[in-house]
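A.B. asks: kindly generate the corresponding structure for this input.
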Amino acid sequence: MNDKSRNSLIFKFVSVFILVSLPLFLLLFFSNSYAMNLVRDQVAQTNSSLLSGQMSHIDSKLSEINTYMFRLAFQDPAVISLERQPRGSDEYLMTRIAAANTMEKDINYYSELGALFIYSAKTQDLVMTRANGSEIPQNKGTEDFMYEWMRSEGQFVEHGDGWRTVKVAGIPCLIHVVKSGASLYVGSIIPIQSLAAPSNKVQLVADEQIIFFSDQAEPLTATTISPVFLRQLTGKILQTDKSFHTVEIPDKYLLVTNRSQVSNLIMTVLLPEKNVYKQLSLLQKLIYFLPFVIGCLLIINLVLLKKIVVNPILRVIRAMRRIQDGDLQYRMPPSHSKELALLSETFNTMSAEISSLKINVYEEHIKTQQAEIKHLQLQINPHFLLNSLNIAYNLIATKKSELAQKMMVHLMHYFRSMIRSPQKMVTIREEMKHIDHYLQIHKMRFPLHFDFSIEIDEHVGELLIPSLIFQPFVENAIIHGMVMQEEGFRLIISCYEEQADHSRGFWIQIADNGNGFSEQALRKFVTDGQTSGDAGNLGMHNVKQRLQAYYANEARLMIGNGLEKGAVVRLFIPKK
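C.D. replies: So this is what the prediction gives:
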């Protein structure tokens, strides 16, 4: 067999088929064990996803209640005042009633809550409110238990301990305590059964169980497992952190676990392995016959492949190579097959249109570039507007009405100029007026800590530049570089002609005496052209895109730090 035959597509198909089929035939005979493990893993992953979704829902509810507890502990006037009033006084009694009313009103917003309570270590007093229909009994014994628990354990629980399991009146519950003030505590009680209720609605297969455990593997919900086997099960949960494993109690079960992120709850699914492999026996029988069926089909398809697919592919490849070599006059011969005839006709039509399409593509590229420039400008305009409105809000909020009026005058001039001048190019002098309005606003905000100067070479004042081309660098200098120091933050903007015999353009420089760029930011600018990866870098990205669109590679952007301190941004723009 010569080298040409070995390199043929048919030979490669046959070789690949033999190399793949022989190991496959051998592998399938020893795949029973692998198939069983695969099915078990898939069932375990499915149940793990089920548990993860249920536990995420529970954690979300616990976090929501936790947020409410902090709001109640630190923002509710009655709760805050309860610690300050002496017990027995009329003020204390009224405050206690107001706190109880607040808890009674809010508790029904959270269906999982069983009870809310406030405990004062200073006055040794407990205020407790029970939800309507709660499993927690409403009697003195429950309040006495919570009173003693808070005295002995609850008041020493740290915020970071989160939710913990405690049996209240014999009912497994989750309790979370938040300290408010020096000796006041706000707590909530959630019966485990109320958290498990959504899980009980999940459709399970026969003999499958969902059980809740504490972090000490204490069962918190009802189960049909005998106590002897339950101890073996709890020991397995404590010994491993795997999401699923096999246990024998005494039959083999698949145990899938998921731990809560905000409490010490462990949710498990217990599934008999016989149910996992119930449908596998028929599949194993089919596996033995599948290789022979696949082999016969592949051989038949291989014969047909050469005639129907390989030969037409070769003809198409030859035609494509002719087009690639520049022979745009080449046409594919007609074919007797309907599909291949359509392919030949389409290919020939495509060849005839390639020459004219070259011109159309070039024109379309120019239109796309112009549209991109317009889009980038629209991105920058709201960028400045949002920053200006934020400054106006701060001035009004601090009741600096006179500064706010001056600021609004600057804004009026700026946007009036933008409305009257919708063109894309403006003179440097006009652009500097825009910048002056913007910086005057900041100077009014920080009269003792901020100053600026704008210097324009008289030869460049009437040259045209894209509007708002260096506005983002001025904003970034103020937002990221401004520091409150004794000498004040100073920004210097200068525009001067290139110092050369045949000047090709001019430089715009923005320099300050602030923090400057970090070494990491400078390295990132050198590698990928950005100083950071966050949304605040939109302005710099847009400037680079607009410079590329207007001036191609003639414009330059340089950033660095001053000799002593501060940041320096230099922008070279060619004359047009």
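
A.B. asks: quick check: next helix or strand after the host helix or strand of Y92?
C.D. replies: Element membership for Y92, per DSSP states H and E: helix 90-106. Counting by DSSP H and E, the next helix or strand C-terminal to helix 90-106 is strand 115-120.

A.B. asks: give me the angle between that next one and helix 90-106.
C.D. replies: Angle between the axes of strand 115-120 and helix 90-106 is 160 degrees (criterion: axes from the mean of the first three to the mean of the last three CA atoms, to 10 degrees).

A.B. asks: for strand 115-120, list the C-alpha coordinates in CSV.
C.D. replies: C-alpha atoms of strand 115-120 as CSV (Å, rounded to 0.1, in the frame of the first residue of the first chain):
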residue,chain,number,x,y,z
ALA,A,115,-41.5,33.3,68.1
LEU,A,116,-39.6,36.5,68.7
PHE,A,117,-38.2,37.6,72.1
ILE,A,118,-36.2,40.4,73.7
TYR,A,119,-34.1,39.6,76.8
SER,A,120,-32.6,42.2,79.1
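
A.B. asks: same question for the next helix-or-strand element following that strand, mean pLDDT?
C.D. replies: Following strand 115-120 in sequence order, the next helix or strand is strand 125-130 (DSSP H and E). In this model, strand 125-130 has a mean pLDDT of 89.

A.B. asks: got a list of contacts for strand 125-130?
C.D. replies: 82, 87, 96, 99-100, 103-104, 107, 114-120, 136, 138, 142-143, 146-147, 150 (CB atoms under 8 Å, 6 or more residues apart in numbering). Every residue, glycine included, has its C-beta placed from N, CA and C.

A.B. asks: repeat that for 6 Å
C.D. replies: For strand 125-130, contacts defined as CB atoms under 6 Å, 6 or more residues apart in numbering pick out 96, 99-100, 103-104, 107, 115-119, 136, 138, 143, 147.

A.B. asks: so which bits of the next helix or strand after it are buried?
C.D. replies: Downstream of strand 125-130, the next assigned helix or strand under DSSP H and E is helix 140-152. Within helix 140-152, the residues that qualify as buried by neighbour count (16 or more other CB atoms under 10 Å) are T142, E143, F145, M146, Y147, W149, M150.

A.B. asks: whatever helix or strand comes next after helix 140-152 vs helix 140-152, what angle?
C.D. replies: Downstream of helix 140-152, the next assigned helix or strand under DSSP H and E is strand 164-168. Going by the same axes, to 10 degrees, strand 164-168 is angled at 140 degrees with respect to helix 140-152.

A.B. asks: partner strands of strand 164-168 and their direction?
C.D. replies: strand 171-180 (antiparallel) (DSSP bridges).

A.B. asks: rounded mean pLDDT for the strand it pairs with, please.
C.D. replies: 88.

A.B. asks: by mean pLDDT, which helix or strand of this protein comes out lowest?
C.D. replies: Every helix and strand in the chain was compared by mean pLDDT, DSSP states H and E; the lowest is helix 3-6, with a mean of 62.

A.B. asks: could you count how many residues lie near Y550?
C.D. replies: Close neighbours of Y550, defined as other CB atoms under 10 Å, add up to 19.

A.B. asks: what residue spans form the domains of this structure?
C.D. replies: Under the assignment automatic domain parsing, the domains of the chain span 67-189, 366-574.

A.B. asks: turn those into JSON lines, including distance to K252.
C.D. replies: Formatted as JSON lines, the domains of the chain follow (distance: least, CB to CB, whole Å):
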{"stretch": "domain 67-189", "distance to K252": "28"}
{"stretch": "domain 366-574", "distance to K252": "50"}
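
A.B. asks: weakest of those in terms of mean pLDDT?
C.D. replies: Minimum mean pLDDT among the domains of the chain: domain 366-574, a mean of 77.

A.B. asks: distance from the chain centre to that one, please.
C.D. replies: 30 Å (CA atoms, centre = their mean, to the nearest Å).

A.B. asks: try stretch 119-134
C.D. replies: Relative to its parent chain, stretch 119-134 has a centroid offset of 40 Å by CA atoms, centre = their mean.

A.B. asks: show me what contacts I190?
C.D. replies: E112, L113, G114, L174.

A.B. asks: and these, which two are the farthest apart?
C.D. replies: The distance between the two most remote of those (CB to CB) is 10.2 Å, for L113 and L174.

A.B. asks: comparing those two, which residue is more hemmed in?
C.D. replies: Ranked by neighbour count (other CB under 10 Å), L113 and L174 place L174 first, with 29 against 24.

A.B. asks: quick check: which element contains L522?
C.D. replies: Assigned by DSSP H and E, L522 belongs to helix 519-528.

A.B. asks: need the pLDDT of M55.
C.D. replies: So, for M55, pLDDT stands at 85.

A.B. asks: confirm it sits in a helix?
C.D. replies: Yes: the assignment for M55 by DSSP: H, G, I helix; E, B strand; the rest coil puts it in a helix.

A.B. asks: going forward, begin numbering at 56 instead of 1
C.D. replies: Noted, 56 is the first residue going forward, which turns the last one into M110.

A.B. asks: burial count for it?
C.D. replies: Neighbour number of M110 under other CB under 10 Å is 22.

A.B. asks: so who does it touch?
C.D. replies: By CB under 6 Å, 6+ apart, the contact set of M110 is N313, S315, M322.

A.B. asks: of those residues, which belong to strands?
C.D. replies: N313, M322 (DSSP state E).

A.B. asks: name the nearest of the contacts of M110 relative to A272.
C.D. replies: For the contacts of M110, the closest approach to A272 (CB to CB) belongs to M322, at 12.5 Å.
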